[in-house]
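output the structure for:
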Amino acid sequence: MAKPISNDLRTRVCQAIAEGLSCRQAAGRFKVSVSSAIRWQARLRERGSAAPDMVGGDVRSVRIEKHATFILGAVEGKPDITLNELRIRLQARGETFGIGTLWRFFDRRQITLKKRRRTLPNSSVPT
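Below you'll find the model as predicted:
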């Protein structure tokens, strides 16, 4: 995804429009698209600033975080529960999440589950 155009340029374009230039003229002077100049001016009118919104970041984990107490309680009740078993329990409550979503949920909390112990070193091979 491309980076948003700088706030400085947005401000200068909007300032030129405020000083009497049309959006098309201001866009030509600062070598930006006409549609960008129009959007920035509309944003300035509506929000009071032509600054861009934040780009990136996690916006979808809010849905699974609402069920954090249920999920963590299920893990506490059965420590060796699998992600698929958790999916089934959540589906019974009317929520559907993928395995990857559940994995990232536990990864954010640094919760891991190792079902096997570490294997002992092989004694027949010299080290």
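
where do the domain boundaries of this protein fall?
7-47, 62-108 (automatic domain parsing).

can you give me the helices for the protein?
For the chain, the helices defined by DSSP state H occupy 7-18, 23-30, 34-47, 62-65, 68-77, 83-92, 99-108.

residue nearest the centroid of the protein?
The centroid of the chain falls nearest to Asp58 when counting by C-alpha atoms, centre = their mean (1.8 Å).

list phi and psi for Met3.
Small correction: residue 3 is Lys, not Met. Dihedral pair for Lys3: phi -80, psi 150, per degrees, to the nearest 10.

gap between it and Ile99?
Distance, Lys3 to Ile99, using C-beta to C-beta, to the nearest Å: 33 Å. Every C-beta, even on glycine, is put in place using the N, C-alpha and C of the backbone.

what about the residue lying closest to Gln41 once chain neighbours are set aside, how many residues nearby?
Excluding the flanking residues, the one nearest Gln41 by C-beta to C-beta, 6 or more residues apart in numbering is Ile17, at 5.3 Å. When neighbours are defined as other C-beta atoms under 10 Å, Ile17 has 20 of them.
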